[in-house]
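*Asks:* starting from these lines, generate the structure:
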Amino acid sequence: MVVMPRESDPLVVGGIIGDVLDPFSRSVSLRIGYTSREVTNGCELKPSHVVNQPRIEIGGNDNRAFYTLVMVDPDAPSPRQEIVSYESPRPTVGIHRYIFVLFRQVSRQAVYAPGWRQNFNTRDFAELYTLGLPVAAVYFNCQRETLSGGRRR
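*Replies:* Next comes the predicted model:
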């Protein structure tokens with residue numbers, strides 16, 4: 001179990017703890033990787049680098065454990081066995097935080113996709129399925145890419 005001082009925890013510094021999640025102790029390793037690089041808390045990734053579904057590695061020594069992984073953009077629309085297909089980030093204005101939150105299920109259970117993606121609330125989702133606090137989380141920042149080269153005449 002990893003416990004970091006709150007003032008140096010990147011999830012606190014990035015506003016993830018507080019805005020999206022309640023404080024928790026990480027007890028499982030979670031690695032998320034896109035073709036271009038591995039996600040580390042607070043790293044900057046371009047939308048063009050996260051078009052394809054990421055590779056996901058969940059650590060731990062209990063092969064009988066079941067998990068629920070949620071990907072959320074708490075900054076939308078301005079400053080989501082697979083249940084819902086991966087939707088690549090498409091930030092509109094400003095910097096968006098994209099958060100992968102991992103919950104360990106108490107026992108194997110079916111988790112259903114919400115009928116909506118807008119205004120998704122991670123705490124409400126966890127409460128609905130009795131998931132408790134997360135066991136891991138990692139996030140990256142992403143903002144709309146600007147066209148380069150300027151205007152053609």
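*Asks:* quick check: Ala137 is in a strand.
*Replies:* Yes. Counting by DSSP: H, G, I helix; E, B strand; the rest coil, Ala137 is part of a strand.
*Asks:* any idea how many residues pack against it?
*Replies:* 22 (other Cβ atoms under 10 Å). Every C-beta, even on glycine, is put in place using the N, C-alpha and C of the backbone.
*Asks:* pretty sure Pro114 is in a strand, no?
*Replies:* No. Checked against three-state DSSP, Pro114 lies outside a strand; its state is coil.
*Asks:* which non-adjacent residue is nearest it?
*Replies:* Setting aside the residues directly before and after it, Pro114 is nearest to Phe120 in space (Cβ to Cβ, 6 or more residues apart in numbering), at 6.4 Å.
*Asks:* run a quick neighbour tally on that neighbour.
*Replies:* Counted with other Cβ under 10 Å, the neighbours of Phe120 add up to 17.
*Asks:* just Val20 next, same as before
*Replies:* By the measure other Cβ under 10 Å, the count of residues near Val20 is 23.
*Asks:* for Tyr139, see how far away the spatially closest residue to it that is not a sequence neighbour is.
*Replies:* Leaving out its chain neighbours, the residue that sits closest to Val20 by Cβ to Cβ, 6+ apart is Pro74, at 4.9 Å. Remark: distance between Pro74 and Tyr139 (Cβ to Cβ, to the nearest Å) = 9 Å.
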